[in-house]
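[1] fold the following.
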Amino acid sequence: QVQLVESGGGLVQPGGSLRLSCAASGFTLETYTIGWFRQAPGKEREGVSCISSSDESLYFVNSVKGRFTISRDNAKNTVYLQMNSLKPEDTAVYYCAAGEPTTYCTGSPYGMDYWGKGTLVTVSS
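    Modelled structure (predicted):
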């Protein structure tokens, strides 16, 4: 059974850090393009970051550039989103998604075939 499971969300103060994990089962993440998306209350889903199957292409939405990084641990079949210097406007449910290797890393959900159920990140003092 193909499954993506996010973890690592929680409540953090402004300026703090969190590391989100996206663990896959039923398929090998290494060969897929992986994206992180978020949806805040009352707002549309937004592409946050993406790493291509070859790891050659990375994407970050402007609002997180310099604060978030994305990486893979192929041995653990997991992709991480390291979030530093968190701001209240980063509060959202964060989802990871996987697409075929031909999926472009643009922050668009187009081509993303598998989705996790999300993990909630709340940035508040």
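
[2] alpha carbons only for contacts and neighbour counts from here, please
    Will do.

[3] give me phi/psi at the residue nearest in space to the middle of the chain?
    For the chain, the residue nearest the mean C-alpha position is residue 36 (2.4 Å; C-alpha atoms, centre = their mean). Main-chain torsions, residue 36, degrees, to the nearest 10: phi -110, psi 130.

[4] relative to residue 22, how far out is it?
    9 Å (C-alpha to C-alpha, to the nearest Å).

[5] cool, and residue 39?
    Residue 39 is 16 Å from residue 22, where distance means C-alpha to C-alpha.

[6] go on, residue 121?
    Residue 121 is 14 Å from residue 22, where distance means C-alpha to C-alpha.

[7] now swap in residue 95 and tell me
    The gap separating residue 95 from residue 22 is 8 Å, by C-alpha to C-alpha.

[8] any common contacting residues for the two?
    Jointly contacting residue 95 and residue 22 under the rule C-alpha atoms under 8 Å, 6 or more residues apart in numbering are residue 6.

[9] quick one: the strands in this protein?
    When assigned using DSSP state E, the strands of the chain occupy the ranges 3-7, 10-12, 18-25, 33-39, 46-51, 58-60, 68-73, 78-83, 92-99, 112-115, 119-123.

[10] tabulate these (TSV), appending mean pLDDT and distance to residue 105.
    Putting the strands of the chain into TSV (pLDDT from 0 to 100; distance: least, C-alpha to C-alpha, whole Å) gives the following:
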stretch	mean pLDDT	distance to residue 105
strand 3-7	97	18
strand 10-12	98	27
strand 18-25	97	17
strand 33-39	97	7
strand 46-51	96	6
strand 58-60	93	6
strand 68-73	95	12
strand 78-83	97	15
strand 92-99	97	10
strand 112-115	95	10
strand 119-123	98	22
